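K.L.:
Dropping the sequence and predicted coords here.
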Amino acid sequence: MKVVMFNGSPRKNGNTTQALKLTETVLNEQGIETEIIRIGGTGLHGCIACYKCMENKDRRCGGIKDDPLNEYLGKMVEAHGIVIGTPTYFGNVSAEVKALIDRCGLVSRMNGGLLSRKVGVALAVARRAGAVEAITSINNFYLINDVMIPGSMYWNFCIGLKPGDIQNDKEGLDTVKRTAENAAWMIRKLTA
């Protein structure tokens with residue numbers, strides 16, 4: 001069992017990284033292999049609406065060839081679960097997370113539902129507000145791609161500005177842990 005995790009923050013050791021590491025620890029304790037890929041600050045391109053993915057039906061984005069999107073999509077297809085973590089920028093996901101969900105989502109849908117029945121977790125970090133909107137954007141990507149979303153005891157986000165601030169958000173960290181536990185439970189049930 002494997003989960004691929006995407007870090008939409010350009011800060012290598014920021015709060016989004018810390019929340020993803022906590023998620024990773026819980027998943028690893030549950031016997032699930034993980035891989036974290038940092039996409040924030042890499043300049044991942046947005047969709048150009050060329051529809052080459054629909055035309056070619058080769059499970060790839062055919063319009064943009066100078067970024068690693070197809071590698072990321074391949075990792076999603078191979079994994080049992082997907083975690084997308086993002087900082088909250090102006091009330092929503094980072095630009096790279098938006099590019100990831102738009103392009104992977106379109107390629108998946110144009111190629112017969114490549115992500116169907118995987119488990120998807122949305123995770124956000126915010127200074128103060130907007131995290132629910134960011135989570136909703138990621139969850140909308142999951143829902144339209146037939147991805148199963150585990151619940152938790154609250155929305156899956158942490159509050160913090162400076163790196164390390166989320167360590168003071170006990171409720172947020174507890175929610176992240178519970179969401180990861182529920183994701184592991186779902187993955188085990190779906191792969192049994």
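P.N.:
Sure thing, it's come through. Numbering: from 1, shown residues only.
K.L.:
When you work out contacts or count neighbours from here on, use the C-alpha atoms and nothing else.
P.N.:
Fine.
K.L.:
Contacts only, for residue 88.
P.N.:
Residue 88 sits next to 94, 124, 125, 126, 127, 129, 130, 131, 134 when contact means Cα atoms under 8 Å, 6 or more residues apart in numbering.
K.L.:
Switch those over to CSV; also include secondary structure, distance to residue 63 and neighbour count.
P.N.:
Compiled in CSV, the contacts of residue 88 are given as follows (DSSP: H, G, I helix; E, B strand; the rest coil; distance: Cα to Cα, whole Å; neighbours: other Cα atoms under 10 Å):
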residue, secondary structure, distance to residue 63, neighbour count
94, coil, 22, 23
124, strand, 29, 33
125, strand, 31, 32
126, strand, 33, 24
127, coil, 35, 17
129, coil, 35, 15
130, coil, 31, 18
131, helix, 31, 27
134, helix, 26, 29
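K.L.:
and which of these is nearest residue 165?
P.N.:
Closest approach between those and residue 165, by Cα to Cα: residue 127, at 9.2 Å.
K.L.:
which one of the contacts of residue 88 is nearest residue 190?
P.N.:
Closest to residue 190, out of all of those and judged by Cα to Cα, is residue 124, at 25.1 Å.
K.L.:
My read is that that closest one contacts residue 156, right?
P.N.:
Yes - counting by Cα atoms under 8 Å, residue 124 touches residue 156, with 6.7 Å between them.
K.L.:
can you list residues touching both of those two?
P.N.:
residue 135.
K.L.:
Format the contacts of residue 88 as a markdown table; extra columns: distance to residue 81 and pLDDT.
P.N.:
Shown next, in a markdown table, are the contacts of residue 88 (distance: Cα to Cα, whole Å; pLDDT from 0 to 100):
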| residue | distance to residue 81 | pLDDT |
| --- | --- | --- |
| 94 | 21 | 97 |
| 124 | 17 | 98 |
| 125 | 20 | 98 |
| 126 | 24 | 98 |
| 127 | 27 | 96 |
| 129 | 27 | 94 |
| 130 | 25 | 95 |
| 131 | 21 | 97 |
| 134 | 19 | 98 |
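K.L.:
pLDDT at residue 66, what is it?
P.N.:
We have a pLDDT of 89 for residue 66.
K.L.:
Next up, phi/psi of it, please.
P.N.:
phi -110, psi 20 (degrees, to the nearest 10).
K.L.:
Just give the number of residues close to it.
P.N.:
When neighbours are counted by other Cα atoms under 10 Å, residue 66 registers 8.
K.L.:
Next one: it relative to residue 74, how far apart?
P.N.:
16 Å (Cα to Cα, to the nearest Å).
K.L.:
Check residue 177 too.
P.N.:
Distance of residue 177 to residue 74, given as Cα to Cα: 27 Å.
K.L.:
Which of these two has more residues huddled nearby?
P.N.:
Taking other Cα under 10 Å, residue 177 and residue 74 do not tie; residue 177 has more neighbours (21 against 14).
K.L.:
Could you give the secondary structure assignment for the more buried one?
P.N.:
In terms of secondary structure, residue 177 is helix; the call rests on DSSP: H, G, I helix; E, B strand; the rest coil.
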